[in-house]
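Colleague: What would the 3D arrangement of this be:
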Amino acid sequence: MKALIGLATAALAALTAGGITAALPGTPTGPDPAEGTATQVRVTAVVDGDTLRVEDLAGRPLGRVRLLGIDAPEVAHPPTPAECYADQATDLLEDLAPVGSTVQLVTDSRQPDRDRYNRLLRYVDHDDVDVARELLARGAARRYEATQDLTREDSYSSAAADAQGADSGLWGTC
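Modeller: Numbers count the residues shown, from 1 in each chain. Presented below is the predicted three-dimensional model:
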């Protein structure tokens, strides 16, 4: 047993010395282990107030990304008209994650990888701003009530409550 522990320790030391860091299974590697991998991608389109279309940095399309934890008003899908504040929510998402910009997609291990429409479910960060939290804070989206076990739940709930209390965005318009 001592020999096995010695080999594992030596292997880890060799990896670390070579600039490679390794973590044992179950060992947190970041601030919160529930927030999983982060991937940089480029925004190719803003679909609506809570959905982006992205590609990897080599230009390969990755499809649509649904921002975790929020529900923005629906844009028009003729013959159904747009919901109140849908255009403003879409415009704000375009400002927060502009087409052509590089954003970071972050997984949440507590949530599925994709939704029923095959969209990736991710947090989206741009220029150190949590895009979904900012949409909530400005009243451009509501909390997506079906997902309450989010890593960022406390921050999202607080932002949504503040916006609603201040009648910001859709809360004061719709």
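
Colleague: residues near the spatially closest residue to Gly169 that is not a sequence neighbour, how many?
Modeller: Spatial nearest neighbour of Gly169, chain neighbours left out: Gly139 (2.3 Å); criterion: Cβ to Cβ, 6 or more residues apart in numbering. No exception for glycine: its C-beta is placed from N, CA and C like everyone else's. As a burial measure, Gly139 scores 25 neighbours (other Cβ atoms under 10 Å).

Colleague: give the contact list for Gly139.
Modeller: By Cβ atoms under 8 Å, 6 or more residues apart in numbering, the residues touching Gly139 are 85, 163-164, 166-172.

Colleague: Can I get those in a markdown table including neighbour count, pLDDT and distance to Tyr156?
Modeller: Below are the contacts of Gly139 laid out as a markdown table (neighbours: other Cβ atoms under 10 Å; pLDDT from 0 to 100; distance: Cβ to Cβ, whole Å):
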| residue | neighbour count | pLDDT | distance to Tyr156 |
| --- | --- | --- | --- |
| Tyr85 | 22 | 98 | 18 |
| Ala163 | 22 | 98 | 11 |
| Gln164 | 17 | 97 | 12 |
| Ala166 | 12 | 98 | 16 |
| Asp167 | 11 | 98 | 19 |
| Ser168 | 17 | 97 | 15 |
| Gly169 | 23 | 97 | 15 |
| Leu170 | 23 | 97 | 16 |
| Trp171 | 16 | 97 | 15 |
| Gly172 | 12 | 97 | 20 |
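
Colleague: Pipe those residues into a markdown table and attach secondary structure and distance to Tyr117 per row.
Modeller: A markdown table is the format used below for these (DSSP: H, G, I helix; E, B strand; the rest coil; distance: Cβ to Cβ, whole Å):
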| residue | secondary structure | distance to Tyr117 |
| --- | --- | --- |
| Tyr85 | coil | 22 |
| Ala163 | helix | 26 |
| Gln164 | helix | 27 |
| Ala166 | coil | 32 |
| Asp167 | coil | 32 |
| Ser168 | coil | 28 |
| Gly169 | coil | 25 |
| Leu170 | helix | 23 |
| Trp171 | helix | 27 |
| Gly172 | helix | 30 |
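
Colleague: ok, now how distant is the spatially most central residue of the chain from Asp167?
Modeller: In the chain, the centroid-proximal residue (Cα atoms, centre = their mean) is Tyr123; its distance is 0.7 Å. To Asp167, Tyr123 is 27 Å away according to Cβ to Cβ, to the nearest Å.

Colleague: now do Gly49
Modeller: For Gly49, the distance to Asp167 - Cβ to Cβ - is 18 Å.
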